[in-house]
Structure formats: C-alpha cells, structure tokens
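>>> Got a predicted model here, sequence first, then my questions.
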Amino acid sequence: MTFHSMWAELLPIGRSSASGGYRRFAWTGADTECRAWFRQQAESRGLTYELDRNGNQWAWLGDPADGDAVVTGSHLDSVPDGGAFDGPLGVVSSFAALDELRARGAEFTKPLAIVNFGDEEGARFGLACVGSRLAAGRLTVEQAHRLTDADGITLPQAMERAGYDVGAIGPDPERLGRIGAFVELHVEQGRALDLSGDQVGIASAIWPHGRWRFDFRGEANHAGTTRLVDRHDPMLPYAETVLAARREARLAGAVATFGKIAVEPNGVNAIPSLVRGWLDSRAADQATLDTVVTGVEKAAREYADAQGVELDVVRESFTPVVEFEHALRDELARILGKERDAVLSVPVLGTGAGHDAGILSGTVPTAMLFVRNPTGVSHSPAEYAAEDDCVAGVTALADVLEGLACR
C-alpha cells in the first residue's frame, strides 16, 4: 500500500463535516477506528501487533527481546478541530518508510517497531502525552486515575468502556529498555523550513512549556439590574489577563495563549460567578518561561483585586526543556547529509511544540525529523504539507532507519 493510499484511507476518520477539522479524541469512536486502521496496517505487512499496558500500539519487525530496537511512529489523536497532519503524518510515513526499505532490499540487523502513542494531544483529559508519560513513569497511576473529561468521565472509565484492562496501566521500563533509538517524524509546526527552503529538518530541542489554570471567582448576579459599581465580575480580570499574557510574551520573545475558557453559570443575562481560563506558555529557556508566567500571574492578581474577585492559579502540567541526544541527532544529520552528498546540509531547528519524543527522551535516545509546513499553521483544519514534501519526509525517514537498523 502506498503513502497516498494509506493517507486517503485514514483521512475521513474523525473528520467534522461542519469544520473540516478532526475530532479524534482518546478512547472515543474515532480513536477506535484509527486504532483499527493501525492494526490492519501492521498485520497486512506481517508485523507482530501489540497493545501495551497503557494503550499504546506497537508493530514489530523482528524480535523485540533482542533489544537495541529502532522505533519510529507518532500519534493518531487530534486537538479539537485539528489538522490532518499533526501526528498521522508520522505514523503513515513510518509504514511507508518500511515499505521503501523492503523495496530497497534492506537487511535489518536490529528489531524495528512502529508505534502509535495514545492521547498525545490531551484534548479529552487535559494532559498531553498520556500514553508515553505513563510508559516512562512520568505520570503515576494515581494521577492518571484522577484525570477527567468535560463530562466527568475518568480516564480509567473511558479506557474500560473502550474494552481496555485499566488494571494494567503504569510504568513500562521493560518495554522501553528494549529501545536503542526512537525517531519521530512530524509536520513542522512553524515556518522555519519554509523560510529556509528545505523540505526536511532535524529537531535540536523542545522548548520548556506548561499549562496553568486561572480560576477567577466572583459573584453571580443579574446582568440587567446590578449596577456596574456593585459588581464583582470575574470576566473583567480574565479579559485583562489575556491581554497581559500577550504583552508579557511579546516583551520576553516567548509565546503565551489563553485558548480555553469555561464560564459559570454561562448565561447571557447573568454576571459570571466563575471564569476559568487555561494558559499555555512556552519559551526557548526556563528563565524566560518563568518570567512570562510570573508576570502574567502578577498582573492577574492585580486585576482580580481591583474587581473584588478571588484568583487561584494551578499548574496542571509542565515539561522542562528537552535537548535531543546530540549523538543521535548528529547521526541523523550525517546519514541525511551523506544521502545528499553534503555533510550537515539538513537544517537543525528548535520547536515550541511538545511531542512523545520529548517525553521519552529522559529514558531512551530520541530524535525528530520535521517536514516542511508552507504556512506554519497547525492545530487547525488549515494545517498542510505538500505531497512532494511528504514524500521527501518518507525518503528521509527510510534513510535514517536504514542507517540505524540495517548496519
């Protein structure tokens, strides 16, 4: 099966007819369809299919017990109304790269695996990279059991309803100990490659990033009869905090976004009693990120005090800076440079987006390849990568896998 036919087969799953975006949330019907597609791709190639204790899917060529395996893959879930390429491009490209290597007659000297990590985006339960975090022991079983979706359904309940044994979840050091290198291909979430004119790049590092929940608690009242001076309206300090986040990020050369909000009682003619907003902030280094978040919280407290509103700030998740292993990163550059007859010709760039490769980096050697995104748009139905760039990504991944697993 070609890259194009695989892509066409996966494309309609979980797609909204209203927005054109994807709603492939963890442990839902769309997720189940994606998982069935992955299993079919594995078995049609004679690969050994496994579902691990945390719901991550694996397709093995060779015996994983031999160790020092080379693993590639990504994820198939999406953000709300997300694009087609974020995650799935890496999974489809992995199967296509294996097909290319077989066509080349490559002889594997190490086990090879393709993986689909579960719940990478965190769209349903509010925490990114749940599958890889659990496997790496960076999310405890107790913490996982406390994760809930907007309907109050816990992660274990959702997994159980999908037919999964929730009693098995937890760290998986034995499986990760078999991996000698993990290489994740991903569409670039930015325009660096477009600006440089390159089709493929290599990741240097993932910026430190996190999510903070801001709870502004005021006093519910009638929108038509309550004088402005008598109000304790939490929407006002929230709105000013959104502007403060933009200001602090601009001054620091970072990014900060309030992209999700919940309001109670959420009535058109009611002053809110609670406005809950989630801040996502990322920066090139820890000191800069701390400066931004501290500045946003300081401003938020000042605005809340001015309106007689209470404020609670909770850090819900955080990932420190991830420097991909230099030796593996340099090996990718050597392999791709050699293929192009120009050593180190492939650009190396950082990213503000989190990935499963970043979560695993503290446990196994990891690296990433990026495929050009002509607009830089991501987490949107407008996300796009040209066909020739996708094919170039498959070729680059095949070259890397051949260099790592066939020598």
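Right, received. Where do you want to start?
>>> how would you label the residue of the chain positioned farthest from its centre: helix, strand or coil?
No residue in the chain sits farther from the centre than Thr225, which is 45.8 Å out by C-alpha atoms, centre = their mean. Secondary structure, DSSP: H, G, I helix; E, B strand; the rest coil: Thr225 is coil.
>>> With Glu219 instead?
Going by three-state DSSP: Glu219 is coil.
>>> Please work out how many residues are found near it.
When neighbours are counted by other C-beta atoms under 10 Å, Glu219 registers 15. Every C-beta, even on glycine, is put in place using the N, C-alpha and C of the backbone.
>>> cool, and Pro365?
Using other C-beta under 10 Å, Pro365 is surrounded by 18 other residues.
>>> cool, the one 5 residues further on as well?
Residues lying near Phe370 (other C-beta under 10 Å) number 28.
>>> Now do the helices in this structure.
3-10, 29-44, 88-104, 130-136, 141-146, 155-161, 173-176, 192-196, 235-252, 286-306, 326-339, 356-360, 387-405 (DSSP state H).
>>> any chance of those in TSV, plus distance to Asn373, mean pLDDT and mean neighbour count?
What follows is the helices of the chain, written out as TSV (distance: least, C-beta to C-beta, whole Å; pLDDT from 0 to 100; neighbours: other C-beta atoms under 10 Å):
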stretch	distance to Asn373	mean pLDDT	mean neighbour count
helix 3-10	16	96	16
helix 29-44	22	98	18
helix 88-104	10	98	23
helix 130-136	23	97	27
helix 141-146	32	96	14
helix 155-161	31	96	18
helix 173-176	30	96	14
helix 192-196	7	94	16
helix 235-252	21	98	19
helix 286-306	24	98	18
helix 326-339	19	89	17
helix 356-360	17	95	27
helix 387-405	8	97	21
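>>> could you redo the ones you listed as CSV and give each row distance to Ser19?
Formatted as CSV, the helices of the chain follow (distance: least, C-beta to C-beta, whole Å):
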stretch, distance to Ser19
helix 3-10, 18
helix 29-44, 14
helix 88-104, 17
helix 130-136, 24
helix 141-146, 30
helix 155-161, 23
helix 173-176, 37
helix 192-196, 25
helix 235-252, 23
helix 286-306, 29
helix 326-339, 36
helix 356-360, 26
helix 387-405, 23
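>>> So which of these is nearest Ile202?
With C-beta to C-beta as the measure, helix 326-339 is the member of the helices of the chain nearest Ile202 (5.3 Å).
>>> ok, and what's touching that closest one?
Outside helix 326-339, the residues that touch it by C-beta atoms under 8 Å, 6 or more residues apart in numbering are 181, 183, 200, 202-204, 343-346, 348, 365-367, 369, 396, 399-400, 403-404.
>>> How far does that helix sit from its chain's centre?
24 Å (C-alpha atoms, centre = their mean, to the nearest Å).
>>> Between helix 387-405 and it, find me the angle.
120 degrees (axes from the mean of the first three to the mean of the last three C-alpha atoms, to 10 degrees).
>>> change the start of the numbering to 39 and stick with it
Let's use 39 as the start, then, which means that last one is helix 364-377.
>>> can I get the CA coordinates of helix 364-377 in CSV?
Output in CSV follows, covering the C-alpha atoms of helix 364-377 (Å, rounded to 0.1, in the frame of the first residue of the first chain):
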residue,chain,number,x,y,z
HIS,A,364,23.4,15.1,20.5
ALA,A,365,25.0,11.8,19.3
LEU,A,366,21.7,10.6,17.7
ARG,A,367,20.9,14.0,16.3
ASP,A,368,24.3,14.2,14.8
GLU,A,369,24.0,10.7,13.4
LEU,A,370,20.7,11.7,11.6
ALA,A,371,22.5,14.7,10.2
ARG,A,372,25.4,12.5,9.0
ILE,A,373,23.0,10.0,7.4
LEU,A,374,20.9,12.6,5.6
GLY,A,375,23.9,14.7,4.7
LYS,A,376,25.6,11.7,3.2
GLU,A,377,22.5,10.9,1.1
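>>> Just the contacts of helix 364-377: which are in strands?
Counted as lying in strands by DSSP state E, out of the contacts of helix 364-377, are Ala219, Val221, Val238, Ile240, Ala241, Ser242, Val386, Thr404, Ala405, Leu407.
>>> Could you tell me the per-residue confidence at the closest residue to the last one other than its chain neighbours?
Ranked by C-beta to C-beta, 6 or more residues apart in numbering and with sequence neighbours excluded, the top spatial neighbour of Leu407 is Leu223, at 4.5 Å. The score at Leu223 is 98. That number is its pLDDT.
>>> What about Leu223, how many residues nearby?
By other C-beta under 10 Å, neighbour count at Leu223 equals 27.
>>> Ends of stretch 288-304, what's the gap?
Stretch 288-304 has its terminal residues 31 Å apart, counting by C-alpha to C-alpha, to the nearest Å.
>>> whoops, stretch 154-169 was the one
End to end - C-alpha to C-alpha - stretch 154-169 spans 9 Å.
>>> swap in stretch 344-361?
42 Å.
>>> hmm, who's touching stretch 275-287?
Counting by C-beta under 8 Å, 6+ apart, 252, 254, 292-296, 299, 313, 315, 317, 319, 329-330, 333-334, 337-338, 341-342, 344-345, 347, 349 sit against stretch 275-287.
>>> Glu138 contacts Thr433, correct?
Yes. If you go by C-beta atoms under 8 Å, Glu138 and Thr433 touch, sitting 7.0 Å apart.
>>> If I follow the layout properly, Val351 ends up in contact with Gly248?
No. Val351 lies out of contact with Gly248 (C-beta under 8 Å); the separation is 11.7 Å.
>>> more neighbours, those two?
The neighbour comparison of Val351 against Gly248 (other C-beta under 10 Å) goes to Gly248, with 17 against 14.
>>> residue contacts, that one?
Asp318, Ser319, Leu327, Val331, Arg353, Glu354, Ser355, Phe356, Thr357.
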